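Enquirer: Output the structure for:
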Amino acid sequence: MKTSTDRILTTHTGSLPRPKSLIDLILRREKGEAVSPQTLEAEVVKATDEIVEKQVAAGIDVVSDGEMSKPSYTTYIRHRVTGIEPDPRAADKGVDIMIGRDLLAHPDFNTSRRTFSSVAFPGCVGELRYKDRSALDRDIANLKAAAAKAKPAEVFVTAPSPGILTRFIINLHYPTEEAYVDALAEVLKVEYRAIVEAGFVLQIDCPDLGSCRNNQYRNLTDDEFRNKIAERNIAAINGAIEGLPADRIRLHICWGNYEGPHTHDLPVTKIIDIAFKARAQAFSIEAANPRHDHEWEDLKEIKIPDDRILIPGVIDSTTNFVEHPKLVAQRIRRYAEVVDRERLIAGVDCGFGTAVRAEPMVVDSIVWAKLRALSEGAALASQTLWGAKAA
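Expert: Next comes the predicted model:
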C-alpha cells in the first residue's frame, strides 16, 4: 500500500456518481425487469473507463472503479451468491432495521428522511454459496483496463464486511446470527482474495462497527455491542482474510451516510480499539461529519499502532457544500498531530453513490468539485508538512 512519503496522498471511499444511462439499467434489473446483459456490461465498461480518468484528473491518487456495476455497496452480492432472493419478509424487517436511535429521538426528521435505497432489501433464504465469479472477474478486468489507461498511483476495490451484510441481506435461513456471519465470511473470502490477487488494495466496508450500533443493535448497551457484536464481526473478517497481506487491506468505518442528527453515534474512541484488531494496515474513518469532526483531539490520547495508516474523511459526502481547500488542509494538519505524516492519507467520509438512485444526495458536478478541493487541500497541507519540496 502506497504511503504519503513526500506529500499527503488522496483517496475516497469507493462509490462515485454513475451515468444516468447506467442508473436506469441497474434500477430496471433490480426491480426484476428484463435487461440485456450485453447492454449493461457495455455501459459498465464505458462508465469504469470514464470514472477512473475523472478521478485522476481531479487529483485523486488512490482510485476505485466507483462501484459502477453495483446496485449498492452491499446488495450486489445477491447476483453472485446463491441463497439470496427478494422476499417480503426481508423487506418488512429491512425497514425496521434501518431506524436509528437519533431518528426515534427526532420523529419529525424521520418522516422526511430519504431511504437508503429505492429497492427493498433481499433476504437470505437458503445456504450461501459463491455461485459464479464472472461478474467479479469482469469488474476486475474492467478496472485493470481503465487503470492501465489513466495510470493512477494506486487502485482499491471495495467489498462489504460479513457484519454489514447482516443488515442489508436479512437472515431468513440460518438458525443464529453467529452462524449467518460465519456463512457470509466464507463466501466473502472469494471476493477478498480475488481483489488482492489482482493487485488491488482491498477496502472492507464496515459500517457494522459504527452505524449498526445506532440502528440494527439499538436495543443493546454500548458494552454489549462492543463485546458481542463488534468483536465477533472483526473475528469474522480476520478469518475471511487469513493468508492475505495486511498491507494490501484497508478498513472503512462509518456512522451512516446520511445528513441527519447523528446524536447517538458511538464515539470513534469506543470502537477504534476493536477495529485495530483487524489484520489490516489502513483505517478509514468519518472525520468531516459534524458529530465527529472534533474526534481528532480524542484520538491524540489513544496510541495508534505504529504500523497502521489513518485515512480520515476531510470531505463530507452528504451535503452539497464544497469544502474550501484551506479547510481541507486544516483538517489534514490536525490529523498529522495524531499520526506521523507518512501514515496519513486524506479521504472522504463515505461514498457518493452507496446505492443507485435516480436523485443523488450530492449532485455529480459538486462531487467532482469536492474531490478537486480534496486534492488542492492536500497540496496545501503538504507544503506545511514537508516544506517547499512538496509544492
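Enquirer: Tell me which stretches of this structure form strands.
Expert: 9-10, 62-63, 81-85, 123-130, 154-160, 170-171, 201-205, 249-253, 282-285, 309-312, 345-346 (DSSP state E).
Enquirer: and V181, which of the ones you listed is closest to it?
Expert: Nearest to V181 among the strands of the chain is strand 170-171 (9.2 Å), distances taken as CB to CB. C-beta here means a position set from N, CA and C on the backbone, and glycine is covered the same way.
Enquirer: now that closest one, how far from the chain's geometric center?
Expert: On the basis of CA atoms, centre = their mean, to the nearest Å, strand 170-171 sits 21 Å off its chain's mean C-alpha point.
Enquirer: got it, and stretch 166-174?
Expert: For stretch 166-174 - counting by CA atoms, centre = their mean - the centre lies 20 Å from the chain centre.
Enquirer: Not counting that stretch itself, show me its contacts.
Expert: Applying CB atoms under 8 Å, 6 or more residues apart in numbering, the contact partners of stretch 166-174 are 72, 74-75, 77-78, 83-84, 87, 89-90, 93-94, 97-98, 121-127, 160, 177, 180-181, 183-184, 207-208, 212, 215-216.
Enquirer: Tell me which helix or strand in this protein has the weakest average pLDDT.
Expert: Least confident element among the helices and strands of the chain, by mean pLDDT, DSSP states H and E: helix 107-110 (a mean of 86).
Enquirer: quick one: it to chain centroid distance?
Expert: Using CA atoms, centre = their mean, the offset of helix 107-110 from its chain centre is 26 Å.
Enquirer: Any chance you could list what contacts it?
Expert: I99, L103, L104, G260, P261.
Enquirer: out of those residues, who has the most neighbours?
Expert: L103 (22 neighbours; other CB atoms under 10 Å).
Enquirer: I'd assumed G260 was in contact with that residue.
Expert: Yes - with contacts counted by CB atoms under 8 Å, L103 reaches G260, the gap being 6.9 Å.
Enquirer: any weak-confidence spans in this structure?
Expert: Flagging of the chain using pLDDT under 70 yields the residue ranges 112-118, 388-391.
Enquirer: Identify the residue nearest the geometric centre of it.
Expert: In the chain, the C-alpha closest to the average C-alpha coordinate belongs to D205, at a distance of 4.4 Å (CA atoms, centre = their mean).
Enquirer: and that residue, bridged to which residues?
Expert: P160, H252 (DSSP bridges).
Enquirer: separation between it and R343?
Expert: 21 Å (CB to CB, to the nearest Å).
Enquirer: With N110 instead?
Expert: Distance from N110 to R343, by CB to CB: 39 Å.
Enquirer: In terms of neighbours, single out the busier of the two.
Expert: Taking neighbours as other CB under 10 Å, N110 and R343 compare with R343 leading, 21 against 15.
Enquirer: Apart from its neighbours in sequence, what residue is nearest the more buried one?
Expert: I309 (4.9 Å; CB to CB, 6 or more residues apart in numbering).
Enquirer: So the one you found sits against M1, correct?
Expert: Yes - taking CB under 8 Å as the definition, I309 is a contact partner of M1 at 7.0 Å.
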